[in-house]
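Visitor: the sequence and its predicted three-dimensional model are supplied below.
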Amino acid sequence: MSTNMEIKDRSKLLTEQRNPRTINVDCKTTLEIIDIINAEDAIVFSAIHKEREHIAKAADLIVNAFTKDCGRLIYVGAGTSGRLGILDASECPPTFSTDPSMVIGIIAGGEKAVFQSIEGAEDLPENGAKDIQQKNVTHRDVVVGITTGGTTPYVMGALFEAKKRNAKTIFLCCNPETTPHFDVDVIIRPLVGPEVITGSTRMKAGTATKLILNMLTTTAMIKIGKVYENLMVDLSTSNAKLADRAERIVMTVTGVSRNDAKVLLEAGFGSAKVAIIMHKLGLTYAEAKKRLDANGGFVRKVLQ
């Protein structure tokens, strides 16, 4: 089955059309340009809201992969789309203490493409398939293909290969006209309209992508017990800022002083979750850790 999109005239794509509201943007003052961009960005939120049910379905697939299948979330994209996937993946370990292999970002052209454009890297579907093969994708994983235009051959090849391997597949694009020539589990399609600068999908389409990826991982992490109330209780205390935040989280939940929070965290081997449970229930580290593990890592369940 072919993975290529047969688009004879890309100018017909929504993301490639000229924006009638910005035709004369080059004649505007600096402040007027800023206001125009801001007004266009406001469109993004309603476009995402219309896709909330699809986003929720995708998030549930990710939760199932994490909890039932011990699987991974893998983002695949080219250019801006690929960089945004890598950005979201890279922020999960410090924020939620996830293993770096749990959420992965893959970009056409490899690591070098994160920092500079690699011309032609996105044009070969076989390269996308090869990258999925190298990651040993299986039925346990969820693969999100990010292509704002909806036509990137590299992403299509990756998604098709993931589908062949029985992984769950999610297609994220910003065009109404483009759909893979094979079945995917979820399509997320925020229609943000033509860009301020024609075809520059790093703008509204990129913003929509960033927001949606935030929603997917944050929702999934909440659903697997990485958050208590609205606090990141499973953060990694790998630098001074995060150590300070962990202390403040323990202080907020328990009401203890800064010094006592430090003592609790030391006794809990740096885990804010364990430190909170130790204080709240008067338990040793071993007892608190056992209770936490027995309740799937959910602080709320232990305290209830």
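Guide: Everything's here; your move. Numbers count the residues shown, from 1 in each chain.
Visitor: any idea which helix or strand of this structure has the worst average confidence?
Guide: helix 112-115 (a mean of 88; mean pLDDT, DSSP states H and E).
Visitor: distance between the helix or strand just after that one and the chain's centre?
Guide: Sequence order places helix 125-134 as the next helix or strand after helix 112-115, per DSSP states H and E. Between the centre of helix 125-134 and the centre of its chain there are 21 Å (CA atoms, centre = their mean, to the nearest Å).
Visitor: residues in contact with helix 125-134?
Guide: 3-4, 74, 76, 106, 108, 121, 143, 153-162, 165 (CB atoms under 8 Å, 6 or more residues apart in numbering). C-beta: built from backbone N, CA, C; applies to glycine.
Visitor: what is whichever helix or strand Ile222 is part of packed up against?
Guide: If you go by DSSP H and E, Ile222 is part of helix 204-223. For helix 204-223, the packing partners by 3 or more CB pairs under 8 Å, 6 or more residues apart in numbering; DSSP states H and E come out as helix 30-49, helix 52-67, strand 73-77, helix 79-96, strand 142-146.
Visitor: who does the second one touch, helix- and strand-wise?
Guide: Helix 52-67 is packed against strand 73-77, strand 142-146, strand 168-172, strand 186-188, helix 204-223, with contacts defined by 3+ CB pairs under 8 Å, 6+ apart.
Visitor: as a markdown table, these with distance to Ile55 would be great.
Guide: Shown next, in a markdown table, are the helices and strands packed on helix 52-67 (distance: least, CB to CB, whole Å):
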| stretch | distance to Ile55 |
| --- | --- |
| strand 73-77 | 14 |
| strand 142-146 | 11 |
| strand 168-172 | 9 |
| strand 186-188 | 6 |
| helix 204-223 | 6 |
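Visitor: thinking again about what came up before, buried members of the contacts of helix 125-134 into ChimeraX, please.
Guide: Those of the contacts of helix 125-134 that count as buried under 16 or more other CB atoms under 10 Å are selected in ChimeraX with:
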select :3,74,76,106,108,121,143,153,154,155,156,157,158,159,160,161,162,165
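Visitor: assign a three-state SS to the nearest residue to Ile37 once chain neighbours are set aside, would you?
Guide: Excluding its sequence neighbours, the residue lying closest to Ile37 (CB to CB, 6 or more residues apart in numbering) is Val196, at 5.5 Å. Three-state call for Val196 (DSSP: H, G, I helix; E, B strand; the rest coil): coil.
Visitor: next, the buried residues of stretch 177-189.
Guide: 178, 180, 184, 186-189.
Visitor: what's in contact with stretch 99-113?
Guide: Contacts of stretch 99-113 (CB under 8 Å, 6+ apart): 66, 72-79, 82-83, 85-90, 92-93, 114, 118, 121-122, 127-128, 131-132, 135, 152, 154-155, 158, 217.
Visitor: next, the distance between the ends of it.
Guide: With CA to CA, to the nearest Å as the measure, the ends of stretch 99-113 fall 24 Å from one another.
Visitor: isn't Arg18 up against Val196?
Guide: No. Using CB atoms under 8 Å, Arg18 makes no contact with Val196, being 10.5 Å away.
Visitor: pick out whichever of those two has more residues nearby.
Guide: A direct count of neighbours by other CB atoms under 10 Å for Arg18 and Val196 places Val196 higher, at 17 against 13.
Visitor: who are the contact partners of the more buried one?
Guide: If you count contacts by CB under 8 Å, 6+ apart, then Val196 has 19, 22, 25, 36-37, 40, 203-204 around it.
Visitor: please pick the buried ones from those.
Guide: So, by 16+ other CB under 10 Å, the buried ones in the contacts of Val196 are 19, 22, 36-37, 40, 203-204.
Visitor: can you count the residues close to Ser46?
Guide: Neighbours around Ser46, by other CB under 10 Å: 11.
Visitor: ok, it to Glu32 distance?
Guide: 23 Å (CB to CB, to the nearest Å).
Visitor: let me see the domain layout of this protein.
Guide: 10-223, 240-303 (automatic domain parsing).
Visitor: any idea how far the shortest one is from the chain center?
Guide: The chain centroid and the centroid of domain 240-303 are separated by 27 Å under CA atoms, centre = their mean.
Visitor: now do that domain, average pLDDT.
Guide: The pLDDT scores in domain 240-303 average 95.
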